[in-house]
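My questions concern the predicted model and sequence given below.
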Amino acid sequence: MQAVSIQRGEGPIVLGQPHGGTFVPDNIIAHLNSTGRALADTDWHINRLYHGLLDNVTVVQSHIHRYVIDANRDPEGVSLYPGQNTTTLVPLTDFDGQPIWRSGQEPSQADTVQRCQAFHAPYHAALAEELQRVKARHGVAILFDCHSIRSRIPFLFGGTLPDMNIGTNGGVTCASKFESIAQEIAASSPYSTVLNGRFRGGWTTRHYGRPAEGIHAIQMELAQSTYLTTEAAPWAYDNAKANRLRRWLRDILDAIQDTALELVP
């Protein structure tokens, strides 16, 4: 199985998709328990949801499941949200805090290092290369990091998550004009939205977002209730729901791209 795939476009936006993959190598899946094998914490159908929304967009997609290695975590293992429940570089539990590995078969530190080299590093090498390629063409690159999650996960957050969760790490990872576009269009939609709430942007957004260097990064964390029939297995894609949501995602991406192209000399 190819760890990462690239759909190369000539526009200024790169869509990052680190959590949509469901592939787990045989030698790893053998150590997962029944909870882990359910792969419940997948960003289900995220590539399908964004497919065709924007002409000339670049897409960098990981096919490896986050239980193998989480491509949106710091490879040094530093927590994104100190003091809050979260999952680690190689998760030991699911989003409900339940163990995902067979007892005594949890990944070792050597396993983590090997998986970083085999799966985490290639994804980020591809993402970094595409951002630099796009920046060389336009003088600016926009990373739009595509995520989704169940709207109710008491282990991670209280209550019900807003539909659209925009993360820029408090405005650090992108110019205010791009943040405002995403926030204002989301706020004008029929969906609930928050800026830099529970999800302020993962390691990918924080690592690549360097506005002073012409690379801007925004994370969009969608509640899966916005496009799945139900937030439970078999995680079915709901065309009617998805098409309503896609209209607003398209508007956000179109407006960000138009603004980025206006910056081109």
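Happy to help now that I have it. Everything numeric here is computed off the predicted structure, so don't read it as measured data.

any chance you could map the strands in the chain?
Ranges of strands within the chain are 4-7, 13-17, 58-62, 141-149, 164-167, 193-195, 215-223, based on DSSP state E.

Only alpha carbons, please: show the third one as PDB.
In this case it means strand 58-62. Presented in PDB, the C-alpha positions along strand 58-62 are these (Å, rounded to 0.1, in the frame of the first residue of the first chain):
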ATOM      1  CA  THR A  58      -3.200  20.100  -4.800                       C
ATOM      2  CA  VAL A  59      -4.200  17.300  -2.400                       C
ATOM      3  CA  VAL A  60      -1.700  15.400  -0.200                       C
ATOM      4  CA  GLN A  61      -3.400  12.400   1.300                       C
ATOM      5  CA  SER A  62      -2.100   9.800   3.800                       C
END
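
and it, what does it pack onto?
In terms of contacts (3 or more C-beta pairs under 8 Å, 6 or more residues apart in numbering; DSSP states H and E), strand 58-62 is packed against strand 4-7, strand 13-17, helix 46-50, helix 121-138. Every residue, glycine included, has its C-beta placed from N, CA and C.

D70: neighbouring residues, count only.
Using other C-beta atoms under 10 Å, the number of residues around D70 comes to 26.

Hmm, it is touching L89, no?
Yes: between D70 and L89 there is a contact at 5.7 Å, judged by C-beta atoms under 8 Å.

Can you check which of the helices and strands packed on strand 58-62 gets nearest to I149?
The stretch from the helices and strands packed on strand 58-62 with the least distance to I149 (C-beta to C-beta) is helix 46-50; that distance is 10.5 Å.

picking up where we left off before, packed most tightly, which of the helices and strands packed on strand 58-62 would that be?
For those, the largest average neighbour count (mean count of other C-beta atoms under 10 Å) is found in strand 13-17, namely a mean of 26.

What pairs with that strand, parallel or antiparallel?
strand 58-62 (parallel), strand 141-149 (parallel) (DSSP bridges).

Contacts for the longest helix seen in the chain, please.
Longest helix in the chain, counting residues (DSSP state H): helix 239-262. Helix 239-262 is contacted by residues 11-13, 45, 48-50, 53-54, 57, 138, 140, 142, 144, 164, 177-178, 181-182, 185-186, 189-191, 218, 220, 222, 226-229 when judged by C-beta atoms under 8 Å, 6 or more residues apart in numbering.
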